[in-house]
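1. got a structure for you, letters missing:
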């Protein structure tokens, strides 16, 4: 009988400690932002749009190259289908298309893909940093105080 009480007491103690720890973690994630933290968020926010714009521009350029490659791929297939082995001009056209196709593939892999990846990673890193700090609740009085004080934003 005393052994059963000890097991029950131990289980109760562990449950209390576990629940207290979980409650403390939940409370720490809902602690409102301070005025300096809100000011930091106000400094970070305007930096997000140019990063997103740069990423979208790189993505647009990448997509254009991909579309050009798809067009050339179709032209290569069509040229091969109608090519007569004795047609020297047709063979040269196919060689030119293949060279253009390879040039586009090289440009995509060497330039456009790394550029879009780098721009996306820069934007995602900035968003993660912003979300890590700035998504907690804010008191309206603290928000007003943060906006009333001139911002001293660090240089990007």
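-> That came in fine, so what should we check first? Keep in mind that this is a model prediction, so the values were computed, not measured.
2. Next, name the residue at the spatial heart of the chain.
-> Closest to where the C-alpha atoms of the chain average out (Cα atoms, centre = their mean) is residue 124, at 3.2 Å.
3. Which helix or which strand is home to it?
-> Assigned by DSSP states H and E, residue 124 belongs to helix 113-134.
4. what separates that helix from the chain centre, distance-wise?
-> How far helix 113-134 lies from its chain's middle: 5 Å, per Cα atoms, centre = their mean, to the nearest Å.
5. which strands and helices sit next to the helix or strand just after that helix?
-> Note on helix 113-134: by DSSP H and E, the next helix or strand toward the C-terminus is helix 140-148. Packing contacts for helix 140-148, counted by 3 or more Cβ pairs under 8 Å, 6 or more residues apart in numbering; DSSP states H and E, involve helix 35-82. All C-beta spots, glycine's among them, are computed from the backbone N, C-alpha and C.
6. Helix 113-134 and the helix or strand following the helix it packs on, what's the angle between them?
-> Per DSSP H and E, the first helix or strand lying C-terminal to helix 35-82 is helix 88-107. Inter-element angle recorded for helix 88-107 and helix 113-134: 30 degrees (by axes from the mean of the first three to the mean of the last three Cα atoms, to 10 degrees).
7. pLDDT averaged over helix 88-107 - what is it?
-> Summarised as a single mean, pLDDT over helix 88-107 is 96.
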